[in-house]
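Visitor: Fold the following, please.
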Amino acid sequence: MQPSPGEAQHLIQNKLELASVELDCPKCQSNNYRKHGKNGGKQTYQCKDCGRYFVENPSRVNHLPISDDVWNARDLGLRVSEYNRQSKLVFVRIQQDWLKVVAKKFIRYMAATKEMGTLQNYISDFNSFSKFIGENYFGASPKLSRDLIIAYIEYLNKKRLVASCKSHRLSSLNTLFETAAINGWLKIPSYLVRLEDYPKHTKLLPRYIPEEVIQQLNQHLDALPDPVMRMVLVIQECGLRVGELLQLQVNCLKQDAKRDSCIQLIRWKMKKEDTLPISPELAAVIQEQQQYIQEHLGKDFKYLFCARKPNVEFYPKAAVMTDQSFVNFLKKLAGDFDIKDSSGKHWEFQTHQFRHTVGTRMINNGVPPHIVQRYLGHESPDMTMRYAHIHDETLRKEVEKYHESRVFNITGETVELERIAPENEQDLEWFKKSVLAMALPHGWCGRPKVLGYCDLPPNSCLNCPYLRTNKNFIQIFKDELKRTNELLAKAKSCGWEVQVKMNEPIQENLNKLIKELEVESE
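Guide: This is a model prediction of the structure:
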């Protein structure tokens, strides 16, 4: 392939030929270096491009041969979780030599700051770009240009991928190109991928488990092996990430200063230790599991939950259970007992659904978002706010509950409470965002916010179509009608035509409204 001028191609070819003996600078990944004496018996080198000094070390990232298509993640210094057993970075599916070499340089470069899962996602996205080139250019050498990127975008559109997937693939490609250009791996035009190339994202909704599904799950929990049943109880109450659940230490049960129970865990994603309060009932469940581990695997096994040997029954094995194995238990339970949602659709359990369910419940029960963020271990409030759209509906119901009844305007006509549009983002206070909701002596203002603030005097409300009220304010309107009747009588006796003209519509509206409110109060 010839994606750039001949210099880049020549550099790549040299790398392929010298792969078995190459050393790369750990800073700029250049293989243009010279020997610089020895340090502690090890040969020292200096990079001619950036000046960095480094030593030859088989365990270092820079010693991984470019010619190898499978890398061990541990050789890159990456953390490898015990629950998903994925420790390899595989480049086999990248068909073009130039792209494969650049992709490997990029992965090695990004390994210093990114996690294993992120690097695997990068490779997956590069596989997609490689497949596109292989299917559409048949061995030709397309130039890296805007035309090629536009063709790739059309290719992705034909795949009918969701917006987030297309954005992710374009973003990975853009990061690859920018990094390659900065480090001199490729000479390519700037801004191959532009901001307008990314599709618009729809608002992501939490994948919570409906209450009817939770009830069916809990009804049949005893059909699960005891350790798996306890795992479900833990994740259902605490909303842990599956990796956090599967890697809980056997001694995770602790007590706080008030001697209340809590669990200690490692937030794998945030690389820190955390403690969560738990119920006494869950503490008893964890104690049962601790006893189970001690009886079957002894004191040397450090995890609270374990894998099983390949038998029909759950026979414990001194290893961490995989995330897929845990999901398989849940899916089997759902199939055995025909667990369905309210629409009659068979429910497909996913581990992250429990986390979203806990977050949604907390928001709906009035827990402040910053507390939910702390409890779930979110790095930013943006993730927590994904659960807030449910709170819109909850808050609306609470407002309706407060008003206790149908809502009327000043003429006694029934009106619906205004609702926000579903796409309104991060809207916890739907009532304030939809209407001014200004408190009034006889109800509240339903004037749409888009019309601006009302500058009319308060007594104008009794003629205003935006007044909202209910039976709770009936006595106030009766008193207002009494004063209005007295004012009209005085105005008529004195011949005050202006006052009569102003207050007769108010009297008519009050009579209609009070009549409806009295019916509502019966």
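Visitor: Report the secondary structure state of the residue nearest to residue 151 when sequence neighbours are not counted.
Guide: Closest residue to residue 151 apart from its sequence neighbours, by Cβ to Cβ, 6 or more residues apart in numbering: residue 136 at 6.9 Å. C-beta here means a position set from N, CA and C on the backbone, and glycine is covered the same way. Three-state call for residue 136 (DSSP: H, G, I helix; E, B strand; the rest coil): helix.
Visitor: so residue 136 touches residue 147, yeah?
Guide: No. Using Cβ atoms under 8 Å, residue 136 makes no contact with residue 147, being 11.9 Å away.
Visitor: Please say which of those two ends up with more neighbours.
Guide: Comparing residue 136 with residue 147 by other Cβ atoms under 10 Å, the one with more neighbours is residue 136, at 14 against 10.
Visitor: Report the separation between that one and residue 380.
Guide: According to Cβ to Cβ, to the nearest Å, residue 136 and residue 380 sit 39 Å apart.
Visitor: now swap in residue 103 and tell me
Guide: Note on residue 103: its distance to residue 380, by Cβ to Cβ, is 29 Å.
Visitor: Equivalent analysis for residue 507, please.
Guide: Distance, residue 507 to residue 380, using Cβ to Cβ: 57 Å.
Visitor: Of these two, give the one with the bigger neighbour count.
Guide: For residue 507 versus residue 380, the count of surrounding residues by other Cβ under 10 Å is larger for residue 507: 17 against 8.
Visitor: next one: phi and psi at the residue lying closest to that one once chain neighbours are set aside?
Guide: What sits nearest to residue 507 in space, not counting adjacent residues and going by Cβ to Cβ, 6+ apart, is residue 484, at 5.0 Å. The phi/psi pair for residue 484 (degrees, to the nearest 10) reads phi -70, psi -40.
Visitor: go on, residue 144?
Guide: phi -70, psi 100.
Visitor: hang on, it packs against residue 190?
Guide: No. Taking contacts as Cβ under 8 Å, residue 144 lies outside contact range of residue 190: 11.4 Å.
Visitor: Neighbour count: the two, which is higher?
Guide: Neighbours were counted for residue 144 and for residue 190 using other Cβ under 10 Å; residue 144 has more, 21 against 7.
Visitor: Tell me the confidence at residue 311?
Guide: Residue 311 carries a pLDDT value of 77.
Visitor: What of the one 3 residues further on?
Guide: For residue 314, the model assigns a pLDDT of 90.
Visitor: got the phi/psi numbers for it?
Guide: Main-chain torsions, residue 314, degrees, to the nearest 10: phi -80, psi 100.
Visitor: tell me, how many neighbours does it end up with?
Guide: Residue 314 has 16 neighbouring residues, counting by other Cβ under 10 Å.
Visitor: same question, residue 91
Guide: The local packing of residue 91 (other Cβ under 10 Å) involves 20 other residues.
Visitor: Could you check what's spatially nearest to it, not counting adjacent residues?
Guide: Among residues not flanking residue 91 along the chain, residue 69 sits closest, at 4.7 Å (Cβ to Cβ, 6+ apart).
Visitor: Residue 92 is in contact with the one you found, correct?
Guide: Yes. Counting by Cβ under 8 Å, residue 69 touches residue 92, with 4.9 Å between them.
Visitor: between these two, who's got more neighbours?
Guide: Using other Cβ under 10 Å, the more surrounded residue of residue 69 and residue 92 is residue 69, with 14 against 10.
Visitor: By mean pLDDT, flag the weakest helix or strand of the chain.
Guide: In the chain, no helix or strand scores lower on mean pLDDT, DSSP states H and E than helix 430-434, which sits at a mean of 39.
Visitor: In contact with the residue nearest to residue 351 when sequence neighbours are not counted, which residues?
Guide: In space, and not counting its chain neighbours, residue 351 is closest to residue 242: 3.9 Å by Cβ to Cβ, 6+ apart. Neighbouring residues of residue 242 by Cβ atoms under 8 Å, 6 or more residues apart in numbering: 83, 235, 323, 326, 351-352.
Visitor: Can you turn the buried subset of the residues you listed into a selection I can paste into PyMOL?
Guide: In PyMOL syntax, the buried subset of these is picked out as below (16 or more other Cβ atoms under 10 Å):
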select buried, resi 83+235+323+326+351
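Visitor: would JSON lines of the contacts of residue 242 with secondary structure and distance to residue 272 be doable?
Guide: As requested, these are arranged in JSON lines below (DSSP: H, G, I helix; E, B strand; the rest coil; distance: Cβ to Cβ, whole Å):
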{"residue": "83", "secondary structure": "coil", "distance to residue 272": "18"}
{"residue": "235", "secondary structure": "helix", "distance to residue 272": "20"}
{"residue": "323", "secondary structure": "helix", "distance to residue 272": "21"}
{"residue": "326", "secondary structure": "helix", "distance to residue 272": "24"}
{"residue": "351", "secondary structure": "helix", "distance to residue 272": "21"}
{"residue": "352", "secondary structure": "helix", "distance to residue 272": "20"}
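Visitor: and of the contacts of residue 242, the nearest to residue 314?
Guide: residue 326 (12.2 Å; Cβ to Cβ).
Visitor: Could you verify my assumption that the closest one touches residue 230?
Guide: No. Counting by Cβ under 8 Å, residue 326 does not reach residue 230; the two are 11.7 Å apart.
Visitor: contacting residues around residue 282?
Guide: Contacts of residue 282 by Cβ under 8 Å, 6+ apart are 233-234, 237-238, 261.
Visitor: Tell me which other helices or strands the helix or strand containing residue 363 touches.
Guide: With secondary structure defined by DSSP states H and E, residue 363 is part of helix 351-364. Helices and strands touching helix 351-364, by 3 or more Cβ pairs under 8 Å, 6 or more residues apart in numbering; DSSP states H and E, are helix 226-238, helix 242-246, helix 323-336, helix 369-376, helix 388-403.
Visitor: Go through stretch 197-214 and flag the buried ones.
Guide: Neighbour-count burial for stretch 197-214 [16+ other Cβ under 10 Å]: 197-199, 206, 208-209, 213-214.
Visitor: so what's the most centrally placed residue in the chain scoring on pLDDT?
Guide: The centre of the chain sits closest to residue 383, judged by Cα atoms, centre = their mean, with a distance of 5.0 Å. Predicted confidence (pLDDT) for residue 383: 74.
Visitor: Over to residue 112?
Guide: On the pLDDT scale, residue 112 is placed at 85.
Visitor: helix/strand/coil for it?
Guide: Each residue gets one of three states, and residue 112 gets coil by three-state DSSP.
Visitor: just the helices in the stretch 101-250 of the chain please.
Guide: 116-137, 146-158, 163-182, 211-219, 226-238, 242-246 (DSSP state H, counting those that start in this stretch).
Visitor: now the angle from the third one to helix 146-158?
Guide: Meaning helix 163-182. 160 degrees (axes from the mean of the first three to the mean of the last three Cα atoms, to 10 degrees).
Visitor: Against which helices or strands is helix 163-182 packed?
Guide: helix 97-110, helix 116-137, helix 146-158.
Visitor: And these: which comes nearest residue 251?
Guide: Comparing the helices and strands packed on helix 163-182 against residue 251 with Cβ to Cβ, the closest turns out to be helix 116-137 (26.4 Å).
Visitor: List the buried residues in that closest one.
Guide: Neighbour counts over helix 116-137 (16+ other Cβ under 10 Å) mark 116, 119-120, 122-123, 125-130, 132-133 as buried.
Visitor: what helices or strands is that helix leaning on?
Guide: The contact analysis (3+ Cβ pairs under 8 Å, 6+ apart) places helix 116-137 against strand 88-90, helix 97-110, helix 146-158, helix 163-182.
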